[in-house]
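*Asks:* okay, predicted coordinates and the sequence, questions at the end:
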Amino acid sequence: MKLHDLVPNPGSKKNRKRVGRGISAGQGKTAGRGTKGQGARSGEGGKIYRQGGNLPFYRRLPFMRGQGFTPLSRVEYNEVNLDQLTESFQAGAEVSPETLASARLLRDPRNPVAILGRGDVSVALKVRAHRVTAGAKAKIEKAGGTVELIG
């Protein structure tokens, strides 16, 4: 294949229609704009609020107050509860973001991990996470496990 063999796919390129170039071209005189009226004129086509008797666009939208904005600095955590840990890990196992991801307990492995205190821990676990609630930490240590926070 050489440079002169390169052509666009058939039908992907279409010639621009040149309007207003005489009656024999088929798009002469009014050039596809009809006769008179707002659409035939040059310039802006009117504001979006003006809709010729219809309910204006802005008033058709639902009225929602106080939606605010999403902060750019917000951190979304993968929340894992203690009852999920007891189902998935044996005694003495290390619970870290990597092991939780391999156990398919994380929604998005790129986000940090927070351990929450729902349920009970019956086995000693070595927990390494970005955040651990006070209740979860107390339950893990009561079962003989350890808690380490990742920076």
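*Replies:* Yep, that arrived.
*Asks:* could you pull out the helices for the protein?
*Replies:* For the chain, the helices defined by DSSP state H cover 57-60, 82-88, 97-102, 134-142.
*Asks:* save the ones you listed as TSV, and put in distance to K126 too.
*Replies:* Heads up, the C-betas are built off the backbone N, CA and C, glycines and all. TSV is the format used below for the helices of the chain (distance: least, Cβ to Cβ, whole Å):
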stretch	distance to K126
helix 57-60	58
helix 82-88	11
helix 97-102	10
helix 134-142	9
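*Asks:* could these go into TSV alongside mean pLDDT, distance to H4 and mean neighbour count?
*Replies:* Formatted as TSV, those follow (pLDDT from 0 to 100; distance: least, Cβ to Cβ, whole Å; neighbours: other Cβ atoms under 10 Å):
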stretch	mean pLDDT	distance to H4	mean neighbour count
helix 57-60	84	51	10
helix 82-88	92	63	17
helix 97-102	96	52	16
helix 134-142	96	70	16
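*Asks:* between these, which gets nearest to T35?
*Replies:* T35 lies closest to helix 57-60 among the helices of the chain, at 27.3 Å (Cβ to Cβ).
*Asks:* do you have the strands of this structure handy? List them.
*Replies:* Taking DSSP state E as the criterion, the chain carries its strands at 78-81, 94-95, 113-116, 126-129, 131-132, 146-149.
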